[in-house]
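> Structure here, sequence nowhere to be found:
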């Protein structure tokens, strides 16, 4: 049993990374990094999108995340490697998960909403 509920195609993963990078570059954006921060963001209902790495070890640490997201009606997606997720949000360490709370600009918000629509079609 795994916490990865659906497969994210490679082209979608690169789009997720691109959108995350754009948001991370913007002043005023708010991205929570790491399992604890992401969990708090979901529980408080602040997360607009959650992205998890597929190669987290042990996988049990992220087991609760998709269930929480579904309870709170928060979209979520996956990226293959923790290093890629960390790099996408412009930190120099691996990240098991991230939550976007604020995109920082209306352009980023639009990109984020388009990405969320695409992810929601995958997860159904």
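Nice, I can see it. Model, not experiment: these values are computed from the prediction.
> pLDDT score assigned to the residue at minimal distance from the centre of the chain?
In the chain, the residue lying closest to the centroid (CA atoms, centre = their mean) is residue 51, at 1.8 Å. pLDDT recorded at residue 51 is 96.
> who's in contact with it?
Neighbour list for residue 51: 16, 20, 76, 77, 78, 79, 85, 97, 98, 100 [criterion: CB atoms under 8 Å, 6 or more residues apart in numbering]. For every residue, glycine as well, the C-beta is placed using N, CA and C.
> With secondary structure, neighbour count and pLDDT as extra columns, can I get these in JSON lines?
As requested, the contacts of residue 51 are arranged in JSON lines below (DSSP: H, G, I helix; E, B strand; the rest coil; neighbours: other CB atoms under 10 Å; pLDDT from 0 to 100):
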{"residue": "16", "secondary structure": "helix", "neighbour count": "22", "pLDDT": "95"}
{"residue": "20", "secondary structure": "helix", "neighbour count": "27", "pLDDT": "95"}
{"residue": "76", "secondary structure": "strand", "neighbour count": "24", "pLDDT": "95"}
{"residue": "77", "secondary structure": "strand", "neighbour count": "23", "pLDDT": "93"}
{"residue": "78", "secondary structure": "strand", "neighbour count": "25", "pLDDT": "93"}
{"residue": "79", "secondary structure": "strand", "neighbour count": "26", "pLDDT": "95"}
{"residue": "85", "secondary structure": "helix", "neighbour count": "28", "pLDDT": "96"}
{"residue": "97", "secondary structure": "strand", "neighbour count": "28", "pLDDT": "97"}
{"residue": "98", "secondary structure": "strand", "neighbour count": "28", "pLDDT": "97"}
{"residue": "100", "secondary structure": "strand", "neighbour count": "27", "pLDDT": "97"}
